[in-house]
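> Mind looking at a prediction? Sequence and model below.
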Amino acid sequence: MQNFWYVVGVLLLGWVAFDLYAGYTLLHDVIYRDQNPTLYWTGVGVWFALAVSCFFSWNSDEDDYEKEFK
């Protein structure tokens, strides 16, 4: 399951790269860098933080959890 989150993280980083290239991002609406730079950079930052968090997701296997905390 951890490989799944790596794939999601890579896809989200691709989304961030496209947002930087295109100059707009998608939140609740299309946000253009030229029209609303604060909201644009906030949105790109959120997508980037979400992407990075995918690489640090915890393993949800119960056996590993029990071994770690016993």
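Thanks, I have the structure now. Numbering: from 1, shown residues only.
> could you pull out the strands for the protein?
Taking DSSP state E as the test, the strands found in the chain are 24-26, 30-32.
> Of all those strands, which one is nearest Val46?
Val46 sits nearest to strand 24-26 of all those, at 8.9 Å, using C-beta to C-beta. For every residue, glycine as well, the C-beta is placed using N, CA and C.
> okay, and the helix or strand of the protein with the least pLDDT?
helix 62-69 (a mean of 55; mean pLDDT, DSSP states H and E).
> what about the longest helix in this structure?
helix 2-22 (DSSP state H).
> what packs against that one?
helix 37-54 (3 or more C-beta pairs under 8 Å, 6 or more residues apart in numbering; DSSP states H and E).
> could I get the helix it packs on in PDB with only the CA atoms?
Extracted C-alpha coordinates of helix 37-54, given in PDB (Å, rounded to 0.1, in the frame of the first residue of the first chain):
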ATOM      1  CA  PRO A  37      -1.100  35.700  -6.500                       C
ATOM      2  CA  THR A  38      -1.600  35.200  -2.800                       C
ATOM      3  CA  LEU A  39      -4.300  32.600  -3.200                       C
ATOM      4  CA  TYR A  40      -2.400  31.000  -6.200                       C
ATOM      5  CA  TRP A  41       0.800  30.500  -4.100                       C
ATOM      6  CA  THR A  42      -1.300  29.200  -1.200                       C
ATOM      7  CA  GLY A  43      -3.000  26.700  -3.400                       C
ATOM      8  CA  VAL A  44       0.300  25.500  -5.000                       C
ATOM      9  CA  GLY A  45       1.800  25.300  -1.500                       C
ATOM     10  CA  VAL A  46      -1.100  23.100  -0.300                       C
ATOM     11  CA  TRP A  47      -0.700  20.800  -3.300                       C
ATOM     12  CA  PHE A  48       3.100  20.600  -2.700                       C
ATOM     13  CA  ALA A  49       2.700  19.900   1.000                       C
ATOM     14  CA  LEU A  50       0.100  17.200   0.300                       C
ATOM     15  CA  ALA A  51       2.500  15.600  -2.300                       C
ATOM     16  CA  VAL A  52       5.400  15.600   0.100                       C
ATOM     17  CA  SER A  53       3.300  14.100   2.900                       C
ATOM     18  CA  CYS A  54       2.600  11.100   0.600                       C
END
